[in-house]
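> build the 3D model from these lines:
(one chain, ligands or ions: 1)
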Amino acid sequence: MRLSTYFLPTLKENPSEAQVVSHRLMLRSGMIRQTSAGIYIWLPLGLKVLRNIEQVVREEQNRAGAQELLMPTIQSAELWQESGRYDAYGKEMLRITDRHDREMLYGPTNEEMITDLFRNNLKSYKDVPKLLYHIQWKFRDEIRPRFGVMRGREFLMKDTYSFDLDEESARVSYNKMYVAYLRTFARLGLVAIPVKADTGAIGGDLSHEFQILAETGESTLYYDKAIESFELQKLTGDIDAETISSLQGIYAMEEEKHDPANCPVAAEDLRTAKGIEVGHIFYFGDKYSEAMNAQVTGPDGKLVNVEMGSYGIGVSRLVGALIEANHDENGIIWPEAVAPYKVGLINLRGKDEACTAASEALYQKLQNVGVEVLYDDREVGGGVKFANMDLIGLPWQAVIGPKGLEKGVVELKNRRTGEREELSEEELLNQLTA
Ligand code: 5CA
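Numbering: from 1, shown residues only. Take a look at the predicted model:
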């Protein structure tokens with residue numbers, strides 16, 4: 001992509017409405033624009049990151065055996081009346097009336113719809129277990145939308161639903177998702193601590209939240225420092241049953257569940273920190289299947305309520321959370337796994353024919369070998385180009401200038417470490433395709 005034609009409205013000044021660094025940087029780097037409180041347009045650069053995160057989430061769901069489908073955003077109120085949540089959900093639910101005066105709503109989550117889908121199509125113990133998910137926009141009329149995409153009103157969620165014959169099997173499904181979440185966040189380079197959580201409006205008795213440590217987090221956590229030895233950010237391989245059970249045995253609680261008087265962890269081993277909740281998983285048994293009659297015939301011919309769980313990841317929230325965890329005073333530092341482009345190509349002297357010819361040639365070559373490149377071919381000074389590349393945070397910057405050309409080298413800068421190397425074109429291509 002050429003920056004001269006790209007729709008990338010960057011801002012020099014810090015927008016006054018943004019209280020946290022991720023919100024400021026998303027606005028400044030031209031990733032999003034707000035259209036109403038808590039509702040955003042995803043501009044081309046922001047959308048690329050969102051899609052990259054979505055893809056990591058999707059791959060790990062598929063790997064865990066979950067099947068992707070796509071449910072609508074607009075739901076009928078009837079299903080929610082059946083489950084009893086239509087009134088209980090309160091003002092957070094955006095309610096809509098259609099032209100026939102039917103009550104509809106913009107879905108804040110999909111337990112009811114998927115339970116209805118299940119009961120209409122699956123009838124036997126042979127049909128379970130099933131893990132189904134979608135990645136779809138949700139709407140919650142949050143009382144205080146804030147921190148940009150981290151607490152929006154419209155937001156992108158991955159939500160999975162599990163259906164099992166009995167509790168034992170439901171716990172197996174729960175742990176499959178627990179592992180998928182550990183792997184997903186590790187692939188994103190994040191330390192996401194699984195803490196025991198309250199089940200709130202979703203209901204149920206077993207629940208974990210996945211929390212990224214950040215000062216701007218809205219949750220308060222208490223955990224045994226022993227969790228640090230698991231090196232959660234490295235758990236991208238197979239995770240065995242032993243690791244799961246020792247991790248689940250470690251004390252880590254949300255504030256509402258933490259009772260200082262009965263905490264089993266010695267004071268010197270107890271850590272407290274603020275966290276951003278990026279995922280939440282629930283096992284809630286037959287709460288919905290009982291209310292909505294979602295039953296299967298067991299091997300003995302008797303009808304039983306299916307055992308269910310639901311598992312959410314805040315895909316759009318993750319964009320903000322990743323920036324909270326990866327930035328410096330100059331801007332964003334994207335982890336390679338989600339970076340919108342791998343390398344930014346800077347032509348230091350737009351007016352110098354040799355520099356422009358070399359930049360154009362390298363731009364072509366990078367594309368030919370499949371490296372995603374953002375080429376700053378604008379007629380502005382080098383300082384502006386450097387500042388802009390630092391702000392948008394691509395992992396690598398390749399700089400072509402007259403001095404380097406004389407020596408036959410391109411400068412390659414690592415955005416995270418700031419290290420610069422002078423490389424021949426071939427070395428540079430090798431490094432970026434390794
Ligand atoms: N049905 C269940 C699981 S599928 C559910 O809705 N869980 S949830 O309420 O915890 O939401 C799942 C995830 O969505 C949260 O962990 C959080 O990362 C994200 N999320 C929730 N509310 C918002 C919001 N207002 N803005 C951005 N992300 C949100």
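
> wait, Arg183 sits on Ile239?
Yes. Arg183 lies in contact with Ile239 (Cβ atoms under 8 Å); the separation is 7.0 Å. Any C-beta I mention is one placed from the backbone N, CA and C, and that applies to glycine too.

> on the pLDDT front, check Thr216 for me.
For Thr216, the pLDDT comes out at 87.

> got the buried residues for stretch 386-405?
Of all the residues in stretch 386-405, those buried under the rule 16 or more other Cβ atoms under 10 Å are 386, 388-401, 404-405.

> so which of the residues you listed belong to strands?
Among these, the ones falling in strands (DSSP state E) are 396-400.

> ok so, going back, who has more neighbours out of Arg183 and Ile239?
Set Arg183 next to Ile239 and count neighbours by other Cβ atoms under 10 Å: Arg183 wins out with 20 against 17.

> which ones are touching the more buried one?
The contact partners of Arg183, by Cβ atoms under 8 Å, 6 or more residues apart in numbering, come to 60, 63, 235-236, 239.

> got it, and Gly298?
Shown in contact with Gly298 (Cβ under 8 Å, 6+ apart): 125, 165, 304.

> show me which of the ones in strands among the buried residues of stretch 386-405 is closest to Glu68.
Distance to Glu68, by Cβ to Cβ, is smallest for Trp396 among those, at 32.1 Å.

> which residues touch the closest one?
Here Trp396 is in contact with 342-344, 412-415, 432 (Cβ under 8 Å, 6+ apart).

> low-confidence ranges in this structure?
199-205 (pLDDT under 70).

> what do you get if the cut-off is 80, keeping everything else the same?
Residues of the chain meeting the criterion pLDDT under 80: 198-205.

> for it, what's the longest strand?
Per DSSP E, the chain has its longest strand at strand 270-285.

> each with direction, which strands does that strand pair with?
Within its sheet, strand 270-285 is paired with strand 206-213 (antiparallel), strand 219-224 (antiparallel), strand 307-314 (antiparallel), according to DSSP bridges.

> secondary structure class for the closest residue to Lys48 other than its chain neighbours?
Residue nearest to Lys48 in three dimensions, not counting chain neighbours: Pro340, with 3.9 Å by Cβ to Cβ, 6 or more residues apart in numbering. Under DSSP: H, G, I helix; E, B strand; the rest coil, Pro340 falls in the coil class.

> how far away is Pro340 from Ser22?
According to Cβ to Cβ, to the nearest Å, Pro340 stands 15 Å off from Ser22.

> more neighbours, these two?
Ser22 (27 against 23).

> anything in the one helix or strand that one maps to near the ligand?
Assigned by DSSP states H and E, Ser22 belongs to helix 21-28. No. Judged by Cβ under 6 Å from any ligand atom, helix 21-28 and the ligand are separated, with a smallest distance of 12.2 Å.

> need the residues that contact that helix.
Contacts of helix 21-28 (Cβ under 8 Å, 6+ apart): 10-12, 14-15, 18, 32-33, 46, 147-150, 216, 319-324, 327, 331-332, 391, 393.

> can you tell me which of those residues end up in helices?
Counted as lying in helices by DSSP state H, out of the contacts of helix 21-28, are 46, 319-324, 391.

> spatially, which two of those residues are the most separated?
Going by Cβ to Cβ, the pair spanning the ones in helices among the contacts of helix 21-28 furthest: Ala321 and Leu391, at 18.9 Å.

> show me which of the contacts of helix 21-28 are buried.
Buried subset of the contacts of helix 21-28 (neighbour count, 16+ other Cβ under 10 Å): 10, 18, 32, 46, 147-150, 216, 319-324, 327, 331-332, 391, 393.

> which parts of the protein are helices?
All helices of the chain, identified by DSSP H, fall at 21-28, 44-63, 77-83, 85-88, 111-121, 167-187, 241-249, 287-292, 315-325, 353-368, 382-392, 402-407, 425-433.

> can you list the buried residues in the second one?
Within helix 44-63, the residues that count as buried by 16+ other Cβ under 10 Å are 45-46, 48-50, 52-54, 56-58, 60-61.

> do the third one as well
For helix 77-83, the neighbour count (16+ other Cβ under 10 Å) marks 77, 79-80, 82-83 as buried.

> before we move on, what about the fourth one?
Of all the residues in helix 85-88, those buried under the rule 16+ other Cβ under 10 Å are 85-86.

> list the contacts of that helix.
Identification of contacts with helix 85-88 by Cβ under 8 Å, 6+ apart yields 77, 80, 93, 112, 201.

> recalculate using a threshold of 6 Å.
77, 80 (Cβ atoms under 6 Å, 6 or more residues apart in numbering).

> how far does it sit from the chain's center?
28 Å (Cα atoms, centre = their mean, to the nearest Å).
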